[in-house]
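What follows is a predicted structure for the sequence shown.
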Amino acid sequence: MGALQGTRTRLVVIACLAVAGYFAYTAATGWIRNQQLTDDRAQAELRLQELEDRKAYLEAVRDYVASDAYVEQEARRQLGYIRDGEVPFVVTSPPVRDDGNPTGSWWERLFPR
């Protein structure tokens, strides 16, 4: 009966260790999965903030393009529009020397042909 008692005790200990190992494995995988979800959520919130900032920028651009100031700016730039009393002028670049270096003062070099 003593040998049978010892065998049962060993089986109970082995079963308890197996159950404890299962619970430890389940807890570890749950913790790892939770960390991954936390990281994914932080990345998603960061991306959401970036997209909201981009949306705000695009809405500001849309509002500006719909404004009279933008229409006037484009009419001046593309069509040469001037208002009554304004004097139009065009800045031309200085002639280019044979060596490829422009002549003239700094503003002439700033706006080459």
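Alright, I've got the coordinates.

CA atoms for contacts and neighbours, from now on please.
Fine.

Name the residue closest to the centre of the chain, please.
E50 (5.3 Å; CA atoms, centre = their mean).

what number of residues lie near G85?
6 (other CA atoms under 10 Å).

go on, the one 4 residues further on?
The number of residues packed near F89 is 6, by other CA under 10 Å.

Distance of it relative to Y25?
F89 sits 80 Å away from Y25, going by CA to CA, to the nearest Å.

re the thing from before, where's the residue nearest to the centre of the chain, which helix or strand?
Taking DSSP states H and E as the definition, one finds E50 inside helix 2-65.

Let me see the mean pLDDT of that helix.
In this model, helix 2-65 has a mean pLDDT of 92.

buried sites along the very next helix or strand once past that helix?
For helix 2-65, the following helix or strand on the C-terminal side (DSSP H and E) is helix 68-79. If you call a residue buried by 16 or more other CA atoms under 10 Å, then helix 68-79 has no buried ones at all.

Give me the helices and strands touching helix 68-79, please.
For helix 68-79, the contact count by 3 or more CA pairs under 8 Å, 6 or more residues apart in numbering; DSSP states H and E identifies no helix or strand as a packing neighbour.

That one to helix 2-65, inter-axis angle?
70 degrees (axes from the mean of the first three to the mean of the last three CA atoms, to 10 degrees).

who's in contact with helix 68-79?
The set of residues external to helix 68-79 that reach it, using CA atoms under 8 Å, 6 or more residues apart in numbering, is 64-65, 81-82.

if I look at L79, how far off is R62?
22 Å.

now R77
From R77 to R62 the distance is 19 Å (CA to CA).

likewise D53?
Per CA to CA, D53 is found 14 Å from R62.

Show the model's pLDDT score for F111.
Reported pLDDT for F111: 60.

Which residue lies closest in space to I82, excluding its sequence neighbours?
Using CA to CA, 6 or more residues apart in numbering and skipping the chain neighbours, the partner closest in space to I82 is R76 (6.5 Å).

and P88, which of the three is it?
Assigned by DSSP: H, G, I helix; E, B strand; the rest coil, the conformation of P88 is coil.

Perfect, that will be all.
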